[in-house]
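> Sequence first, predicted coordinates after that:
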Amino acid sequence: MTSRISSANGGHSASATSSKATIGLCLAIALLEGLDLQSAGVAGPRMAKEFSLAVAQMGWAFSAGAIGLLPGAALGGRLADRFGRKRVLMGSVALFGLFSLATTLVWSFESLLIARLLTGLGLGAAMPNLIALCSEAAGPQQRSTAVGAMYCGMPFGAAIAAVIGMLGASPASWRDVFYVGGLGPIVMLPLLGMFLRESQQFVAAQASKVREGMPGVTDALWRHGRARTTLALWVSYLGTLIVLYFLMNWLPSMVLSRGLTRVQSNIVLMMFNLGGGIGAVAIATLMDRLGRRRTVIGMYVGIALALAALAHASGAASMACGGLLCGLFLVGGQSVLYALAGHAYPTEVRGTGVGAAVAVGRLGSILGPLVAGQLFALGQSASMLVASSIPLCVIAALAALTVVGGFARHGAPGAQRV
């Protein structure tokens with residue numbers, strides 16, 4: 001009897017250690033992903049000077065990576081359900097690491113576009129695998145916390161990219177951020193190979209798929225009572241990410257338009273990323289403790305109040321506080337949406353479901369800055385744009401609550417308090 005208890009305790013301890021290792025490795029990859037996503041913006045001015053790029057060309061250079069994220073997320077999630085989360089994640093990490101390094105070797109505008117597009121493809125494919133691995137490594141009562149702990153790496157990685165950019169002194173130092181963003185993933189590959197375990201839930205689901213056949217995309221997203229949840233999840237992702245990426249891209253310009261200095265605009269952006277890192281963990285942890293409905297309501301109320309505070313801010317201190325609050329609730333809210341997606345689909349189609357939702361969210365990352373830029377060109381003020389984002393957040397909140405309501409009616413994998 002004693003030996004059985006010891007064996008059970010040893011197995012539980014080994015499982016807990018493996019779960020922590022999985023979440024830690026996924027956090028490291030998310031940190032590198034956040035760094036790479038911010039790298040083009042950090043390197044942009046010096047890159048434009050070296051290659052004599054016009055403003056419109058730099059816009060395409062920024063967009064190329066974002067365009068690659070969308071098909072990357074959809075493809076990466078689908079392949080994860082077929083070949084395994086670990087294998088596809090390692091391929092994705094290798095892809096964005098190699099093409100981040102390739103960015104340091106570009107010789108023309110066209111080669112820059114290709115390098116950033118393929119980097120974005122790898123970055124996009126990695127995220128649904130990170131979400132699936134963390135969701136399946138943690139127990140049902142800690143899934144949101146696990147996803148939030150992983151996702152906090154994104155804003156912290158973006159902050160590191162900004163620091164690397166500020167430390168560079170020479171005109172050619174724009175390459176430094178891409179060296180870090182490329183070598184980091186390549187160094188991580190052997191660590192992933194040695195210490196990252198494949199999801200045991202996925203391994204078990206594979207046996208079922210061998211017997212029953214691979215579910216198609218239509219089955220995964222729209223059948224078995226999942227159509228309403230899928231649609232609501234997409235609306236919540238799209239609405240929230242339009243606002244998030246509008247702020248990520250235009251916040252420094254908004255600060256400068258109010259008469260503040262470039263140093264002050266960098267401080268506001270750093271506060272935004274700091275708030276995002278804190279919010280990613282804190283709000284997701286609250287969801288595990290307070291339940292989904294109360295957390296989602298509180299999160300979107302916080303987003304609306306943060307946007308209102310930023311819209312009415314004028315001085316450096318009030319702008320920094322507004323940036324901190326927007327990062328806390330908007331970036332933190334993104335980790336909650338990722339956790340909801342991880343709960344919404346069973347193991348055998350989780351990669352497909354999460355990948356599709358992330359891909360729709362990436363569409364918001366393209367639309368947000370684009371629409372905002374057009375409205376700025378038409379003479380709309382920054383305060384008006386921030387305030388007008390609040391109704392979009394209300395729609396996203398109602399959609400997220402619909403997802404939560406679906407869990408209450410039909411249950412969900414890893415059910416917890418609603």
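Sure, I can see it. Numbers count the residues shown, from 1 in each chain.
> next one: phi and psi at residue 380?
As for residue 380, its main-chain torsions (degrees, to the nearest 10) stand at phi -70, psi 140.
> typo on my end, residue 106
Dihedral angles (degrees, to the nearest 10) for residue 106: phi -60, psi 150.
> Quick check: which element contains the closest residue to it other than its chain neighbours?
Once flanking residues are discounted, residue 106 sits nearest to residue 112: 4.4 Å by Cβ to Cβ, 6 or more residues apart in numbering. For the C-beta atoms, the positions are set from N, CA and C on the backbone; glycine is no exception. Assignment of secondary structure by DSSP states H and E places residue 112 within helix 109-137.
> and the helix or strand following that helix with helix 109-137, angle?
Tracing the chain C-terminally past helix 109-137 and defining elements by DSSP H and E, one meets helix 143-151 next. With axes from the mean of the first three to the mean of the last three Cα atoms, to 10 degrees applied, the angle from helix 143-151 to helix 109-137 works out at 150 degrees.
> what's the distance between residue 351 and residue 222?
Distance, residue 351 to residue 222, using Cβ to Cβ, to the nearest Å: 16 Å.
> okay, those two: which has more neighbours?
With neighbours defined as other Cβ atoms under 10 Å, residue 351 and residue 222 compare such that residue 351 has more, 29 against 15.
> ok now do that one, which residues does it touch?
76, 77, 78, 79, 80, 81, 85, 88, 128, 129, 132 (Cβ atoms under 8 Å, 6 or more residues apart in numbering).
> Which other helices and strands does the helix holding residue 112 contact?
With contacts taken as 3 or more Cβ pairs under 8 Å, 6 or more residues apart in numbering; DSSP states H and E, helix 109-137 sits against helix 2-51, helix 55-83, helix 85-103, helix 143-151, helix 200-212, helix 332-344, helix 350-377.
> Below-threshold pLDDT in the stretch 101-250 of the chain: ranges please.
For the stretch 101-250 of the chain, the stretches with pLDDT under 70 are 168-172, 207-214, 216-217, 220.
> The same query, at a cut-off of 90, please.
Counting by pLDDT under 90, the stretch 101-250 of the chain has low-confidence residues at 107-109, 131-132, 135-149, 151-156, 158-177, 197-230, 241-250.
> ditto for the stretch 251-400 of the chain
The stretch 251-400 of the chain contains residues with pLDDT under 90 at 251-274, 276-277, 279-292, 307-317, 319, 323, 331-392.
> how many other residues sit next to the closest residue to residue 62 other than its chain neighbours?
Spatial nearest neighbour of residue 62, chain neighbours left out: residue 40 (5.4 Å); criterion: Cβ to Cβ, 6+ apart. Counted with other Cβ under 10 Å, the neighbours of residue 40 add up to 26.
> Next: the one 4 residues further on.
Burial of residue 44, expressed as a neighbour count using other Cβ under 10 Å, amounts to 17.
> Now do the contacts for it.
Residue 44 makes contacts with 58, 61, 62, as judged by Cβ under 8 Å, 6+ apart.
> I figured the last one hits residue 39, correct?
Okay, so that is residue 62. No - if you go by Cβ atoms under 8 Å, residue 62 and residue 39 don't touch, sitting 10.6 Å apart.
> of these two, who's got more company?
residue 39 (29 against 15).
> dump the residue contacts of the more buried one.
Neighbour list for residue 39: 100, 161, 177, 178, 181 [criterion: Cβ under 8 Å, 6+ apart].
> Considering those residues, which is situated nearest to residue 367?
Nearest to residue 367 among those is residue 161, at 23.2 Å by Cβ to Cβ.
> in what helix or strand does the closest one lie?
Assigned by DSSP H and E, residue 161 falls within helix 153-167.
> Would you mind identifying the next helix or strand past that helix?
For helix 153-167, the following helix or strand on the C-terminal side (DSSP H and E) is helix 176-195.
> list the buried ones in that next one?
Using 16 or more other Cβ atoms under 10 Å as the test for burial, helix 176-195 gives 176, 177, 178, 180, 181, 182, 184, 185, 188, 192.
> Could you list every helix and strand that it packs against?
Using 3+ Cβ pairs under 8 Å, 6+ apart, the elements in contact with helix 176-195 are helix 2-51, helix 85-103, helix 153-167.
> so of the ones you listed, which one's packed in deepest?
Highest mean neighbour count among these (mean count of other Cβ atoms under 10 Å): helix 85-103, with a mean of 23.
> and the angle from it to helix 350-377?
With the same axes, to 10 degrees defining the directions, helix 85-103 sits at 40 degrees from helix 350-377.
> Who are the packing partners of helix 85-103?
Applying 3+ Cβ pairs under 8 Å, 6+ apart, one finds that helix 85-103 makes contact with helix 2-51, helix 55-83, helix 109-137, helix 176-195.
> Quick one: these as a markdown table, columns for distance to residue 356 too.
Compiled in a markdown table, the helices and strands packed on helix 85-103 are given as follows (distance: least, Cβ to Cβ, whole Å):
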| stretch | distance to residue 356 |
| --- | --- |
| helix 2-51 | 19 |
| helix 55-83 | 6 |
| helix 109-137 | 9 |
| helix 176-195 | 24 |
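> Indicate which one of the ones you listed is closest to residue 312.
Going by Cβ to Cβ, the one of the helices and strands packed on helix 85-103 nearest residue 312 is helix 2-51, 26.3 Å.
> could you give the mean pLDDT of the closest one?
Helix 2-51 carries an average pLDDT of 76.
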